[in-house]
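Q: The following block contains a protein sequence and its predicted model.
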Amino acid sequence: MSQLDVTEPIADIESLRLLKYRELLRITALDVAQVIPYVDILLALSTLADYILRKALAIISNTSDMQWHGKRLPFALFSLGKLGAQELNYSSDVDLIFVCANAEDIDGDMYAYYALLVKMIQRFIRQMEEKHSCGYLYRVDLNLRPLGKSAPLVLPLDDTENYYTVSSDVWERFAWLRARCIVGAEPLGNEMSARLHAYKYRKFLEPSDIDRFISIKEAMQVQRNKSGAWNVKTGEGGIRDIEFFIQVLQIANAGFHPILQQTNTMTLLHNMVNLGLVDAIVAKSIQHSYLFLRRLENHLQMVDEAQVSDLPEELEARLMIAKSIGFTVGNVEQILKEFNQELQQSRDIALACFDKVLLKKSEH
């Protein structure tokens, strides 16, 4: 039921837009009806995005002005973030990094190849984000690429590897923990993944790594204490608390345990139980909390694909959200009481995860 349903040929970007919204309607119906596990809803949203990204690039690459010696341009595209983890939201950006071939591996002029590839990426971004009467495809975020916003849109294999070899930015390692090659030249994608394997999954952590993890935790603490509505993603007891806990455990142990060398949060948690890193009963409560919070965030984003994560404080708006995720029995007061109790339980579990991650520098 959660599998992508493509029955008609898709020959242009407009057809992709129509497919996206038809599939979103189907996935939303499954979500609201609660007829499949929520991990399958997240997977369905991710599978849809994977298909659209691949198909859009195929459509663009097949145009006559995008051919390289009569063939498709060689490149690899990696997804990171929620898409890389195969747990996309209804209104997520898609975090992407393009990688191109080295000069010695190109049949022809490197500058011409590179210019054509940049032109293709620019066209891809424009067509993904272009808004029409039926909507748009996805917001594309390339800011996780080496050197971020100021960098070229794509770097060759060697330059990408060299950048990460000397990088001390632990956020970049966190980002690549969720990386999947989703489209492009398979040998190029496999080579990039192989070269960055040791970068992602180190056998030993340096004291400087621990200090950086602590700094990240302290920065998160500042963010979550900001005034205003509680944010289901970054607020105290939110989604990020659980993800940070799991990613720190992964980055500390994946070098020794290949079953931790993968991208999905809940699969990682299950594998951590098998390794004895997390107690089975604790893991069950973490999974329940995580999926409740992810479902809550998704239902906040269902209306108009709004990229919001703040839980509304107004009674009517909160009641609508509570009902949409299944709290429907009783009067308004009873519904909100049950919803708020479930929310507090989930937040407490997420907060406990966050509190388990390392000590403050003064205590370290």
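A: Received, thanks.
Q: got the contact list for the residue most central in space within the chain?
A: Centroid-nearest residue in the chain, with C-alpha atoms, centre = their mean: K82, separated by 1.3 Å. Neighbour list for K82: 46, 88-89, 92, 95, 178 [criterion: C-beta atoms under 8 Å, 6 or more residues apart in numbering]. Glycine gets a C-beta too; all of them are placed from N, C-alpha and C.
Q: how does it look with 6 Å?
A: Taking C-beta atoms under 6 Å, 6 or more residues apart in numbering, we find K82 in contact with 88, 92.
Q: I'd guess it is in a helix, am I close?
A: Yes - note on K82: a helix contains this position according to DSSP: H, G, I helix; E, B strand; the rest coil.
Q: Check the gap between it and S208 for me.
A: 28 Å (C-beta to C-beta, to the nearest Å).
Q: Kindly report the same for S215.
A: Relative to S208, and taking C-beta to C-beta, S215 is found at 10 Å.
Q: Over to Q341?
A: Distance from Q341 to S208, counting by C-beta to C-beta: 42 Å.
Q: In this structure, what helix or strand scores lowest on average pLDDT?
A: helix 207-224 (a mean of 76; mean pLDDT, DSSP states H and E).
Q: List the buried residues for it?
A: Neighbour counts using 16 or more other C-beta atoms under 10 Å place 209-210, 212-214, 216-217, 220, 224 of helix 207-224 among the buried residues.
Q: For L88, which residues are in contact?
A: Each residue near L88 by C-beta under 6 Å, 6+ apart is listed here: 45-46, 49, 82.
Q: Next, it: phi, psi?
A: phi -70, psi 150 (degrees, to the nearest 10).
Q: Would you check how far apart it and Y136 are?
A: On the measure of C-beta to C-beta, L88 and Y136 end up 15 Å apart.
Q: returning to what we had before: out of the contacts of L88, list just those in strands.
A: Among those, no member falls in strands (DSSP state E).
Q: and those residues as a markdown table, adding pLDDT?
A: As requested, the contacts of L88 are exported to a markdown table (pLDDT from 0 to 100):
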| residue | pLDDT |
| --- | --- |
| L45 | 96 |
| S46 | 97 |
| A49 | 97 |
| K82 | 96 |
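Q: got a list of what R123 touches?
A: With C-beta under 6 Å, 6+ apart, R123 has these contacts: I60.
Q: Specify the local secondary structure of it.
A: Following three-state DSSP, R123 is assigned to helix.
Q: Which helix or strand lies directly C-terminal to the one helix or strand S285 maps to?
A: Assessed by DSSP states H and E, S285 sits inside helix 280-301. Counting by DSSP H and E, the next helix or strand C-terminal to helix 280-301 is helix 315-324.
Q: Report the residue ranges of every domain in this structure.
A: 13-200, 207-363 (automatic domain parsing).
Q: Any chance of the ones you listed in a markdown table with distance to Q3 as columns?
A: Shown next, in a markdown table, are these (distance: least, C-beta to C-beta, whole Å):
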| stretch | distance to Q3 |
| --- | --- |
| domain 13-200 | 7 |
| domain 207-363 | 17 |
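Q: Go through the ones you listed and name the closest to T7.
A: Nearest to T7 among the domains of the chain is domain 13-200; the distance by C-beta to C-beta comes to 9.9 Å.
Q: and the closest one, how far from the chain's centre?
A: 12 Å (C-alpha atoms, centre = their mean, to the nearest Å).
Q: what about that domain, how long is it end to end?
A: 35 Å (C-alpha to C-alpha, to the nearest Å).
Q: My understanding was that A283 contacts N271; is that so?
A: No - if you go by C-beta atoms under 6 Å, A283 and N271 don't touch, sitting 10.1 Å apart.
Q: Comparing those two, which shows the higher neighbour count?
A: N271 (21 against 18; other C-beta atoms under 10 Å).
Q: Over to that one. Which of the three states is it?
A: N271 ends up helix, using three-state DSSP.
Q: hmm, back to that, which other helices and strands does the next helix-or-strand element following the least confident helix or strand of the chain contact?
A: Note on helix 207-224: by DSSP H and E, the next helix or strand toward the C-terminus is helix 239-253. Helices and strands in packing contact with helix 239-253 are listed as helix 265-274, helix 332-356; criterion 3 or more C-beta pairs under 6 Å, 6 or more residues apart in numbering; DSSP states H and E.
Q: Which one, of the ones you listed, ends up nearest to L157?
A: Closest of those to L157 is helix 265-274, at 27.4 Å (criterion: C-beta to C-beta).
Q: Buried residues of that closest one, list them for me.
A: By neighbour count with 16+ other C-beta under 10 Å, helix 265-274 contains the buried residues 265-269, 271-273.
Q: got JSON lines for these, with pLDDT and distance to D355 too?
A: Formatted as JSON lines, the buried residues of helix 265-274 follow (pLDDT from 0 to 100; distance: C-beta to C-beta, whole Å):
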{"residue": "T265", "pLDDT": "97", "distance to D355": "19"}
{"residue": "M266", "pLDDT": "97", "distance to D355": "21"}
{"residue": "T267", "pLDDT": "97", "distance to D355": "24"}
{"residue": "L268", "pLDDT": "98", "distance to D355": "20"}
{"residue": "L269", "pLDDT": "98", "distance to D355": "17"}
{"residue": "N271", "pLDDT": "98", "distance to D355": "23"}
{"residue": "M272", "pLDDT": "98", "distance to D355": "18"}
{"residue": "V273", "pLDDT": "98", "distance to D355": "20"}
